[in-house]
Structures are given as structure tokens and as C-alpha cells.
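1. Structure for the following, please:
(chains A and B)
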Amino acid sequence: MDSLQGGCYLPGVGMATRKFILMSDERTLEHPTWGGHPETRDRVTAVCERLRSGALAAALIEKRPRSASWETLLAAHDEEYLLRFEEAALSGREWFDHRDNQIGEASYQAALLAAGSGPTAVDLIEAGLAPLAFCVVRPPGHHAERSKALGFCFLNNAVIAARHWQRAHGRRRVLVFDFDAHHGNGIQHAFETDPDVLYVSLHEHPTFSFPGTGYAEETGAGAGIGATLNIPLQPGARDAAALEALAGRIDPAVRAFRPEAIVVAAGFDGHLLDDMSGLGYSTDLFRRFGRAVSLWAADLTGGRSLTLLEGGYHLGSLCDGVEQYLSGLLGADEGRQQPT
Amino acid sequence: MYVASSMTADPLCLRPEMSLLQVRDFISGKNFRHFPVTDAASRLVGIVSDRDLRSVFPSTALNSSVRQDQLARLGQVRVDTIMSRPAITLPRDATLDDALLLFDRHSVGALPVLDPDGRLVGIITVRDVLGAYRRLFGIGAAGSSLIEVPDDGRPNLVSRIAGALEGGGFACTRIVRADGDRGTIYARVQTYNIHAVHQALRAAGLETTHRNPETSPHDA
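-> You can find the predicted model right below:
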């Protein structure tokens, strides 16, 4: 595990030749929230501006997503649910399934673009454009259940991306690594009986934190027993607890699973300054997460990984976290060659 | 909150005159651990657990002929000679709390539930009670967060918390005042928008205990 521990990495140094696909679409900004709702359009705007003007600007290959096809949506959601969501948005409803989930007329189309980002990026990765992709999407997805919107999420972007990778490109064994501060109930439930998808979630303990799922004893069901790894952290947990879990539990599980592709549900709300969780992560921890993903990709998947934005509501720490995560993702090889 | 909604109604019953071999055959393949013993009028006369039965049956490690002799003798032994009696029971209108307190006080795994005439109407196990409280408190169900408010002894604190949450449009499934736990009131709210919950409580003059002590809800 030395490889996950080492490396002080300076963004922009030594990775001029490494590029990554940045997937975003300004039409997702039309998904409205109001009244102090944490999931704002400013999140996406701020992250994109930071990446375009910051140390990683030279590494970007900017692409726009296609809307998710009906077929890819059905891999994660029931038809009745999709129709109900579309109707709610177009009919002028202000929320869907729960008051948390504010919507407007453009929300369905925005969600289709968010859900289509993963499959679009996967196709570009497989076509050889670049092995890494980061999708700055909203609305987020990992709380969305098969037939229920939850926690600001409508369509489960990570589930749709992982299924597309399996079905369109034959990458059967997929790792979904979720480091959002909140458990990704929708991802877990989609894959809990599937031994070909390893779902790993590191999150604040469900006794305290939304959505109240993701206890350590939830390890999968049926044929999928053992392919779900939930690691709840105590409120107030800092980098040390997360790194201990990363090195001691997650890394061995991922390497034993031997994925052919990696989907990351990347939430940055575990940061100390983000009041949507009680975790106390530093910005640097997100670089460590990126570095871990990069090493798994280098060793196990031919370099392929796809990252989808989930939570992260404090704009400053969100932008810093994304930048550091991508620095780790792009810089792991250099860090391995030049440990510090 | 009543045991009647969580118990197994009309459970499998034994008759007192059944031999232990008959009982073994009767319960074989059935996934229950506790068997009430009732008379012809369905009145409870005792209860037998699978553990009681295992303790009287000969070990499989015994010599085969010895084991066969012992088994043959069990064909002559009535189940009412090994059952527990009087059984600890609950009335049909008992609450889950009644069951919880009895389980806490006695080393039993199941409680027969009786009607006013002493006839058996159901049986409730420790597992049933755990499941009932799990559902009651929404443990493991997706969609909620826990809010902590310091209990400084102010009057009407619980009602003020409830009012602030309801006034803010947040569904609250339970409020627990934990005596002895450093004076904390816990509220389970059905929302992800914790930021807005903190705001609503602050507007009502209530401070929340943010779980990360170094982070103020005002920061984000």
C-alpha cells in the first residue's frame, strides 16, 4: 500500500502529456432549484470555470454528452417511473417524490443529459480518445432508486454508466467506488445481487447521516453477497480514518475483485467546510482518492476510469476538491516513479 | 405499537400428550424455534423450544445401538414433561414495550400471546420485536437524517423543535429526549437538506449540535 500513501503532487507538473475528457453541458444549468437549496447550478459553473482556468486547463478535452437513450435508462429505472418523472417536470410540478427534489420544466432534459454523460464518456474512452473522463453533472444520481427520486437525485447516473460499460463494451466486471459523504443507496440497490459489480462506499455512519442506509452489515444479497462493501465513518472522522479504510479495506477488495472498468461516484461533501455532512476531510484527501483510482486503473483496467460528480455543496471546497482529485488521478504514475 | 401487529398469528402448536419422537417429526423442516403446547380448547399449557428438545435427544456421537435405545425411550416420553410451565405470556392487547420489558427481564426467546380466556392467539419472538422497532424507527430505510439539539432544560423544547421542523415543511418521524446522554434531543427528519433544517431551527432560536464540532452550519 505504499503506492497509495506516497506522493506530494503539484498540479500541472509532470503531466503535460496526460489528458482527460471533461464532460459537461450548460443545459444542465436549466434544472432549477431555489429557496436556498444546496444543489445549485453554481456548483457546475464553478467547477467548470476552475478547471478551464486552473492548473489542469491544458489537460482538458472538453466534450458534450448526448441525452441518455431510453434503453440505457431502463437499465436503471422502471418505465413507469421515467414517464412519471417526465410528466411531473413538464406539467409544472415544483418537486418530485419528495420536497427535497425540486424540479422545473427543464429538469427532465437536464437529467437525461446528466445520465447520458457517463455512456458518452465511456464510448469516448473505449474509442481511445483518453482513458480518463470526469463528468460535471447535475442533477446528481447516487440516491435515485429504480422507481423513486431521493436526495436531489432523479436518474442514477453511475448505474446507467456502469451498465452501459458492461452491455455496450463487454467490460463485465465493474468497480463502482463512491466517496460521497452519503451512502449511495440507489447504486447499492441496483447492484446488490450482481456479483459482477463491486460497490464500495465510504460515508458518514447511517445512524446519523442521510439517507440512513449503508450499514457495514449490508454486504450484498443473493449471488451478489460479498460484492458490496460499506465503510461507515464516525461523525467528525478526518483523513486518517478514510485513508486507513482506503489502504486496509478498500484497496485489497478492489484488487481481489479485478475490475475491468471503474466508475467513481465522486462527492466532495465530506470536506470540513461542507455542512451537509459531519465528516472533516481535508482537500488533500481527494487527491489521495484520485491517486488510488489512478493506481487501480493502471494496474487493473488498462487505465480506464470514469468519474461522475455527485455531492459537494460548499463551492470553494468543491472546486478545490475536484481539482485535487483530478490531480491525483492524472499524477499517480509520476508519484509512483518519484515518491516523496 | 401492539404485539398483535408483529406476532405470528395461529402458530404451530403441540399437544401435551405428544411423544418427543412425534414432536421431532412434527417440527422437522419447519423454521420455528418455539412451540406452544395447547390443550384441545386451544388453551396454553406450556411452551417448548428447539433447544429444550435438543437437550433431551441423544447425541449423534453415541454408539449407534445406545442411541437407538435412547431414541426408543423418547417415544414413550410426553412433551408436557419437558415443556416450560407456566409460560410467560402476553395478553392480546399488549404493546411492543410490554414485550420488550419481558424479554429484558426473562431469558426467553418467545412469548405466547393469549386472549382473555387464555386461548393462544399468537406468538412473538425477540426477532419480531427487533423488526418492529426497526420499522417503527425507520432504521435502515432510505431517506432520513438525524438532527441533534442540546437539551438545556428550556421549557417546551421538544414542542419548539417539532414546530420548527413542521413549520419548515420537514417531515419528522421521531423526536427522542435522551436522559443522561449529555442532554441531547434527537430528531429524525425525512430530508437530505440538512442545511435548510439547521436554518429552520436557528430561526426558531434553537442551536443544533453539528456532528463535526469544527464546522459551523453557518460556514457553507
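
2. drop to CA atoms for contacts and neighbour counts, all remaining ones
-> Noted.

3. which ones are touching the residue nearest the centre of chain B?
-> For chain B, B:Val129 is the residue whose C-alpha lies nearest the centre (Cα atoms, centre = their mean; 1.3 Å). Counting by Cα atoms under 8 Å, 6 or more residues apart in numbering or on different chains, B:Val129 touches B:Ser6, B:Leu96, B:Ala99, B:Leu100.

4. tell me the contacts of the last one?
-> Spelled out, it's B:Leu100. Applying Cα under 8 Å, 6+ apart, we find B:Leu100 in contact with B:Val129.

5. any idea which helix or strand carries it?
-> Here B:Leu100, judged by DSSP states H and E, is contained in helix B:96-105.

6. Check the model's average confidence along that helix for me.
-> If you average the pLDDT over helix B:96-105, you get 93.

7. Check which residues of that helix are buried.
-> Across helix B:96-105, burial judged by 16 or more other Cα atoms under 10 Å in any protein chain shown covers B:Leu96, B:Asp98, B:Ala99, B:Leu102, B:Phe103.

8. gap between it and the chain center?
-> 8 Å (Cα atoms, centre = their mean, to the nearest Å).

9. Check stretch B:116-126 too.
-> With Cα atoms, centre = their mean, you get 15 Å for stretch B:116-126.

10. Endpoints of it, how far apart?
-> Length of stretch B:116-126, first residue to last, Cα to Cα, to the nearest Å: 23 Å.

11. for stretch B:30-50, same thing?
-> From its first residue to its last, stretch B:30-50 covers 11 Å (Cα to Cα).

12. my read is A:Leu306 is in a helix, agree?
-> No - counting by DSSP: H, G, I helix; E, B strand; the rest coil, one finds A:Leu306 to be strand, located in no helix.

13. quick one, what contacts it?
-> Contacts of A:Leu306 by Cα under 8 Å, 6+ apart are A:Gly118, A:Ala121, A:Val122, A:Leu132, A:Ala133, A:Phe134, A:Cys135, A:Ile262, A:Val263, A:Val264.

14. Looking at these, which one is closest to chain B?
-> Distance to chain B, by Cα to the nearest Cα, is smallest for A:Val264 among the contacts of A:Leu306, at 21.2 Å.

15. Helix or strand for that closest one, just tell me which one.
-> A:Val264 belongs to strand A:261-266, assigned by DSSP H and E.

16. ranges for the strands of chain B?
-> Applying DSSP state E to chain B gives strands spanning B:8-9, B:34-38, B:44-49, B:90-91, B:110-114, B:120-125, B:145-150, B:172-178, B:184-189.

17. what mean pLDDT would you report for the third one?
-> Model confidence over strand B:44-49 averages 94 on the pLDDT scale.

18. Quick one: distance of that strand to the chain centre.
-> For strand B:44-49 - counting by Cα atoms, centre = their mean - the centre lies 20 Å from the chain centre.

19. Could you tell me the angle between that strand and strand B:110-114?
-> Counting by axes from the mean of the first three to the mean of the last three Cα atoms, to 10 degrees, strand B:44-49 lies at 160 degrees to strand B:110-114.

20. returning to what we had before: by how many degrees do the helix holding B:Leu100 and strand B:110-114 diverge?
-> With the same axes, to 10 degrees as the basis, helix B:96-105 and strand B:110-114 are set at 140 degrees to each other.

21. Now the stretch 1-150 of chain A against chain B: closest residue?
-> Of all residues in the stretch 1-150 of chain A, the one sitting closest to chain B is A:Asp100 (6.5 Å; Cα to the nearest Cα).

22. Leaving out chain neighbours, which residue sits closest to B:Thr173?
-> Closest residue to B:Thr173 apart from its sequence neighbours, by Cα to Cα, 6 or more residues apart in numbering or on different chains: B:Arg188 at 5.7 Å.

23. Kindly report the same for A:Cys48.
-> Spatially, and ignoring its direct neighbours in sequence, A:Cys48 is nearest to A:Val136 (7.4 Å; Cα to Cα, 6+ apart).

24. how close does the one you found sit to A:Glu26?
-> Here the criterion is Cα to Cα. By it, A:Val136 lies 10 Å from A:Glu26.

25. out of the two, which sits in the more crowded spot?
-> When A:Val136 and A:Glu26 are compared for neighbours, A:Val136 comes out ahead with 25 against 14, by other Cα atoms under 10 Å in any protein chain shown.

26. how about that one, what does it touch?
-> With Cα under 8 Å, 6+ apart, A:Val136 has these contacts: A:Leu22, A:Met23, A:Ser24, A:Val44, A:Val47, A:Cys48, A:Leu308, A:Leu309.

27. Scan those and report the most crowded one.
-> The contacts of A:Val136, ranked by neighbours (other Cα under 10 Å): first place A:Leu308, 28 neighbours.

28. Mind listing what's buried along stretch A:169-176?
-> Going by neighbour count (16+ other Cα under 10 Å), the buried part of stretch A:169-176 is A:Arg171, A:Arg172, A:Arg173, A:Val174, A:Leu175, A:Val176.

29. My guess is the third one contacts A:Val197. True?
-> Yes - the pair formed by A:Arg173 and A:Val197 meets the contact definition of Cα atoms under 8 Å, at 5.8 Å.

30. Now do the same contact list for the nearest residue to B:Leu44 once chain neighbours are set aside.
-> With Cα to Cα, 6+ apart as the measure, B:Thr38 is the residue that lies nearest to B:Leu44, at 4.4 Å, once sequence neighbours are left out. Applying Cα under 8 Å, 6+ apart to B:Thr38 gives the contacts B:Cys13, B:Leu14, B:Arg15, B:Pro16, B:Leu44, B:Val45, B:Gly46, B:Leu120.

31. pLDDT on stretch A:319-331, on average?
-> Confidence for stretch A:319-331, expressed as mean pLDDT, is 96.

32. Phi and psi next, for A:Leu90.
-> Torsion angles at A:Leu90 (phi, psi; degrees, to the nearest 10) stand at phi -70, psi -20.

33. hang on, the earlier thing: check the residue nearest to B:Leu44 and give its pLDDT.
-> 96.

34. what's the answer for the one 3 residues further on, then?
-> Among the per-residue scores, B:Ala41 holds a pLDDT of 94.

35. circling back: which pair in the contacts of A:Leu306 has the greatest spatial separation?
-> A:Cys135 and A:Ile262 (13.6 Å; Cα to Cα).

36. More neighbours: these two, which one.
-> A:Ile262 (29 against 25).

37. who's in contact with the residue in the stretch 51-200 of chain A that chain B sits nearest to?
-> When scored by Cα to the nearest Cα, the stretch 51-200 of chain A has A:Gly151 as its residue closest to chain B, at 5.4 Å. The neighbours of A:Gly151, taking Cα under 8 Å, 6+ apart as the test, are A:Asp100, A:Asn101, A:His143, A:Ala144, A:Pro211, B:Gly143, B:Thr191, B:Tyr192, B:Asn193.

38. same question, A:Gly302
-> A:Glu260.

39. Surely it forms part of a helix?
-> No - counting by three-state DSSP, A:Gly302 is not part of a helix but coil.

40. what about it, distance to A:Gly170?
-> As judged by Cα to Cα, A:Gly302 and A:Gly170 stand 14 Å apart.
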